[in-house]
Each structure stands twice: as C-alpha cells, then as structure tokens.
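S.K.: no letters, just coordinates:
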C-alpha cells in the first residue's frame, strides 16, 4: 500500500540553511533547464532529452560561478530536470506550457533520494542534510521499519 506521510522536522539552523539551498538550487536548475529547452527548440526545432540536460548540468556545475551547485545533492538537481520533463509531458497531454518557478509563487520543497532516507528513534537521515529531529503522530506505524519510499519531497 502506498501511503503519504507528513512528518514535522526540527532542523538546526545549519540544516535549515542547507534545506533552503536545496530548494533554491532545485528551482534554479528547473528554470535553467526550461530556458535551455526553449532556446534549443527555437534554434534547432527539437527538444533536449533528460539525459542531454543532465550532461549540460554537469558542464554547468564545472563552470566558474556555479560551483555552489556542488553544495547540494546531485539527485535533487537531476530530479528538477525530471520534474520539467513531466511538466512537458503534461503539456502535450493538454495542460498548459511549463512556467518558470519563482520564489514567491513556488512551494518551497525539494527531492531527497529515497535510498538515503532512514528513520532511527527520533531522527531521520536526509542526504547532504544529515540527521534531523522529527515528530510524527502515526498510531501503529513504526517509521523505523519503513524501508521504501516513492518520490519523497521535503517541504
């Protein structure tokens, strides 16, 4: 059974800063990838794939001035590209064209690798963030025994 879990996190100030870096970096990569796709379509008439955008992202990270992208999880950045690909898929299925994300209107959330999340007593481990204290009110559910997550988002 697939179940959505809402857990209240209590990060330290340093962890909170890292979380906001993940959120901002994910938004930046989404907007960068959207601009790249639009630019490529105008120039060549074809779209860039997720793999091609991933290669471009690697080049971008090595560029002077973008080294800060190494401070966050690479999985988070790649997920922004996959999110954009889903938005394009929705567009071709009748939804509106993907929009650029903004600080004011976008929900502050980021992806965390599912295989790096695990619960122990009163802490949850998140990739690049570390062990964060949490509280959950789920009667009968032992979070320490959950081993599989699908598309986990932290907000």
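M.R.: Structure received. Keep in mind that this is a model prediction, so the values were computed, not measured.

S.K.: ranges for the helices of the chain?
M.R.: 13-44, 50-62, 74-92 (DSSP state H).

S.K.: and those as TSV, adding distance to residue 116, mean pLDDT and mean neighbour count?
M.R.: In short, each C-beta sits where N, CA and C put it, glycine included. Below are those laid out as TSV (distance: least, CB to CB, whole Å; pLDDT from 0 to 100; neighbours: other CB atoms under 10 Å):
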stretch	distance to residue 116	mean pLDDT	mean neighbour count
helix 13-44	13	95	17
helix 50-62	19	96	15
helix 74-92	8	93	17
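
S.K.: closest to residue 3 out of those helices?
M.R.: helix 74-92 (20.9 Å; CB to CB).

S.K.: contacts for the closest one, please.
M.R.: Helix 74-92 is contacted by residues 22, 25-27, 29-30, 33-34, 37, 47, 50, 53-54, 57, 69, 95, 97-98, 110-113, 127-128 when judged by CB atoms under 8 Å, 6 or more residues apart in numbering.

S.K.: redo that, cut-off 6 Å
M.R.: 22, 26, 29-30, 33-34, 50, 53, 97-98, 110-111, 113 (CB atoms under 6 Å, 6 or more residues apart in numbering).

S.K.: likewise for stretch 145-155?
M.R.: In contact with stretch 145-155 (CB under 6 Å, 6+ apart) are residues 108-112, 114, 117.

S.K.: repeat that with 10 Å
M.R.: 2-7, 9, 11, 19, 22-23, 76, 79, 82-83, 107-119, 124, 126, 129, 132 (CB atoms under 10 Å, 6 or more residues apart in numbering).

S.K.: show the buried residues in these.
M.R.: Listed as buried from those are 9, 11, 19, 22-23, 76, 79, 82-83, 110-113, 117, 119, 124, 126, 129, 132; burial here means 16 or more other CB atoms under 10 Å.

S.K.: go ahead and confirm residue 34 touches residue 47.
M.R.: No: the criterion here is CB atoms under 10 Å, and residue 34 misses it with residue 47 at 11.2 Å.

S.K.: name the residues contacting each of those two.
M.R.: Residues within reach of residue 34 and of residue 47 at once, by CB under 10 Å, 6+ apart, are 53, 88.

S.K.: buried sites along the longest strand seen in the chain?
M.R.: Identified as the longest strand of the chain according to DSSP state E is strand 130-135. Buried positions in strand 130-135, judged by neighbour count with 16+ other CB under 10 Å: 132, 134.
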